[in-house]
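# Below are the sequence and a predicted model for it; my questions follow.
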Amino acid sequence: MHEEILSKTDKRMDATLEDFRHKLGAVRTGRASLAILDGVKVDYYGTPTPLNQVAKLSIPEPTMILAQPFDPSTIAAIEKAILSSDTGLNPSNDGRIVRIPIPPLTEERRKQLVKKVGGLGEDAKTAIRQIRRDANDAYKKLQKDGDVSEDDAHRSMDEVQKLTDRHTGSVDELCKNKEKELMEI
């Protein structure tokens with residue numbers, strides 16, 4: 001039972017860390033990345049649809065993303081979706097392809113993005129601490145039910161704390177690297 005709780009806790013913390021990595025990838029730097037457009041939903045015949053499902057996305061150069069619609073009639077909806085997203089990008093089209101230039105970041109925008117990265121990091125650490133709380137509650141219940149001794153429960157909670165420390169340390173490291181990347185471009 002002990003190993004099962006510890007294993008499940010580690011897997012949940014790893015999943016939280018992976019989700020955080022994915023969210024960090026969507027934070028725009030001065031270079032083109034398709035992850036920037038992950039949250040963009042296009043109104044496709046009344047249904048909010050992810051951009052990558054209505055257009056072929058490519059990066060022909062470091063400061064440009066191209067979106068080639070599968071259905072040319074959606075070009076205006078694609079442009080509108082990108083403009084109304086919080087990416088700060090300004091697309092243009094030539095009737096066949098939507099060009100999305102990636103402008104260099106201003107100092108003010110860099111600071112906003114660093115703040116956003118910090119907030120995402122705090123959210124991830126809060127989620128990890130909630131997973132720790134769930135695991136500790138499970139151990140306390142086992143102890144209360146008489147399935148494990150008090151010493152074993154405390155030892156297990158110490159192991160959960162080590163997992164928590166390792167994962168929150170990873171979040172801090174990822175935040176630090178992303179902030180550094182944002183500020184040196």
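Perfect, thanks for sending it.

# tell me how far the helix or strand A127 falls within is from the chain's mean position?
In the assignment (DSSP states H and E), A127 maps to helix 107-144. Relative to its chain's centre, helix 107-144 lies at 13 Å (CA atoms, centre = their mean, to the nearest Å).

# Same question for that helix: list its buried residues.
When burial is assessed from 16 or more other CB atoms under 10 Å, helix 107-144 yields the following buried residues: 110, 113-114, 116-117, 120-121, 124-125, 127-128, 131-132, 135-136, 138-139, 142-143. Every residue, glycine included, has its C-beta placed from N, CA and C.

# now do stretch 70-80
Buried, per 16+ other CB under 10 Å, within stretch 70-80: T74, I75, A77, I78, E79.

# ok, those residues vs R96, which is closest?
Nearest to R96 among the buried residues of stretch 70-80 is I75, at 7.7 Å by CB to CB.

# Quickly list the domain ranges of the protein.
Per automatic domain parsing, the domain ranges recorded for the chain read 2-26+106-184, 34-101.

# okay, those domains in a markdown table with mean pLDDT next?
Converted to a markdown table, the domains of the chain look like this (pLDDT from 0 to 100):
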| stretch | mean pLDDT |
| --- | --- |
| domain 2-26+106-184 | 91 |
| domain 34-101 | 89 |
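
# coming back round to it: past the helix holding A127, which element shows up next along the chain?
Counting by DSSP H and E, what follows helix 107-144 is helix 150-184.

# Would you mind getting the angle between that next one and helix 107-144?
170 degrees (axes from the mean of the first three to the mean of the last three CA atoms, to 10 degrees).

# From the contact counts, what lies against helix 150-184?
Helix 150-184 is packed against helix 2-25, helix 107-144, with contacts defined by 3 or more CB pairs under 8 Å, 6 or more residues apart in numbering; DSSP states H and E.

# Arrange these in a markdown table, one row each, with distance to T47 as further columns.
Formatted as a markdown table, these follow (distance: least, CB to CB, whole Å):
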| stretch | distance to T47 |
| --- | --- |
| helix 2-25 | 23 |
| helix 107-144 | 28 |
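
# out of those, which comes closest to L182?
With CB to CB as the yardstick, what comes closest out of the helices and strands packed on helix 150-184 is helix 107-144 (5.3 Å).
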